[in-house]
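Engineer: just to be clear, the model below is a prediction. Sequence and coordinates:
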Amino acid sequence: MMHYFHRQIQLWGEETQKQLQSKKIAIIGSGGLGSSLAFALGASGIGEIHMVDFDEVSLHNIHRQIAFKMGDEGKNKALLNAELIQERCPHAKAMAHQCNFQEFSEKNIGVDLLIDATDNLPTRAEINAYAKNKNLPWVYGSVEAFHGQVAFIEESSFTDAFKIVNKTPAGIAAPIVMHIASLQANLALRYLAGLSVKKDMLYYLFFNEEGELITQKFGLPK
C-alpha cells in the first residue's frame, strides 16, 4: 500500500496516509462533478467511498462526465463510478447507491464528510438539513457555463445563503466541471488528512469577457 501512495506519503507521511484508510465519505451525485471527484479521491487512500445517484448515463453526459465512455448509455452512474474506483485503487472500498439522496439518507450510513456533486438547489437543501442533523461538514460545488462555486460548509447554513428554487442550468463547458471538482477534492482531502481548511467561505470562480480567470470569496452566514 505504501508504494502505491508513495507521492502522497512524501507530502504528509505514512501515519497520515494510514489514517485516511479509516475515513468514510459520501459523494452525492455521480455525473459531472461526481465522476471527477471519483477520479480525484477514489485513488487517494480514503477507506470507504459511497457513490449516490439514481440516474443513468445518457449520450449527452459523456463529453463532461469523465468516468463514462461510449457504450455506457443506460447504465447507472453510481455503479460505474464505484467500479472505476475499485479498478484503480485496491485500497478503497467503493459502494454504489442507486437512489436519490433522500433514500440514501434513510439508510443512516455513518460517514466523516458529505460531498455535493448534484445539479439542483433542492437536493443541496436536503444535504444541508441532513448535515446539520448529523453534525457533519459537507463540501458544496456547482458549475454553469464558464463559472463555478465551491465551499466547505460546517457552521453556516446553505439555505440561509441561497434561495432554493428549481432552475435548469445553462450550458456547461467540460473543463470547468473538472476544475470545480478538483477544488472540492482538495478541500475534502485536506480536511480528512487533518490539514487546515478555510470553512464557511464561498469561492466563486469565473472567466470575464477578456478571458481572465477571476476568483472572489464571500463569508457565508452562520
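Structural biologist: The structure has been received and is ready for your questions.
Engineer: would you mark the buried spots in the helix or strand of the chain with the lowest mean pLDDT?
Structural biologist: The weakest-scoring helix or strand in the chain, judged by mean pLDDT, DSSP states H and E, is helix 158-161 (a mean of 91). By neighbour count with 16 or more other CB atoms under 10 Å, helix 158-161 contains the buried residues Phe158, Ala161. For glycine as for every other residue, the C-beta is placed from the backbone atoms N, C-alpha and C.
Engineer: remind me what it packs against, helices and strands.
Structural biologist: If you count contacts as 3 or more CB pairs under 8 Å, 6 or more residues apart in numbering; DSSP states H and E, helix 158-161 packs onto helix 121-134.
Engineer: tell me how far the helix or strand following the helix it packs on is from the chain's mean position?
Structural biologist: The helix or strand immediately downstream of helix 121-134 is strand 138-144, counting by DSSP states H and E. Mean-position distance between strand 138-144 and its chain equals 8 Å (CA atoms, centre = their mean, to the nearest Å).
Engineer: next: stretch 157-176.
Structural biologist: The chain centroid and the centroid of stretch 157-176 are separated by 15 Å under CA atoms, centre = their mean.
Engineer: from start to finish, how long is it in a straight line?
Structural biologist: Stretch 157-176 has an end-to-end distance of 25 Å (CA to CA, to the nearest Å).
Engineer: what's that stretch in contact with?
Structural biologist: Stretch 157-176 has contacts (CB atoms under 8 Å, 6 or more residues apart in numbering) with 32, 63-64, 119-122, 124-125, 127-129, 132, 140, 143-148, 202, 220-222.
Engineer: pull out the buried positions in it.
Structural biologist: Buried-residue list, stretch 157-176, by 16+ other CB under 10 Å: Ser157, Phe158, Ala161, Phe162, Ile172, Ala173, Ile176.
Engineer: about what we covered before: I'd like to know which of the contacts of stretch 157-176 are buried.
Structural biologist: Neighbour-count burial (16+ other CB under 10 Å) is assigned, among these, to 32, 64, 119-121, 124, 127-128, 140, 143-144, 146-148, 202, 220.
Engineer: I'd like the secondary structure assignment at the most centrally placed residue in the chain, please.
Structural biologist: The centre of the chain sits closest to Ile115, judged by CA atoms, centre = their mean, with a distance of 4.1 Å. What DSSP: H, G, I helix; E, B strand; the rest coil gives for Ile115 is strand.
Engineer: list the buried residues in whichever strand or helix holds Ile9.
Structural biologist: Using DSSP H and E, Ile9 falls within helix 6-20. Buried residues in helix 6-20, defined by neighbour count with 16+ other CB under 10 Å: Gln8, Ile9, Trp12, Thr16, Gln17, Gln19, Leu20.
Engineer: good, wrapping up.
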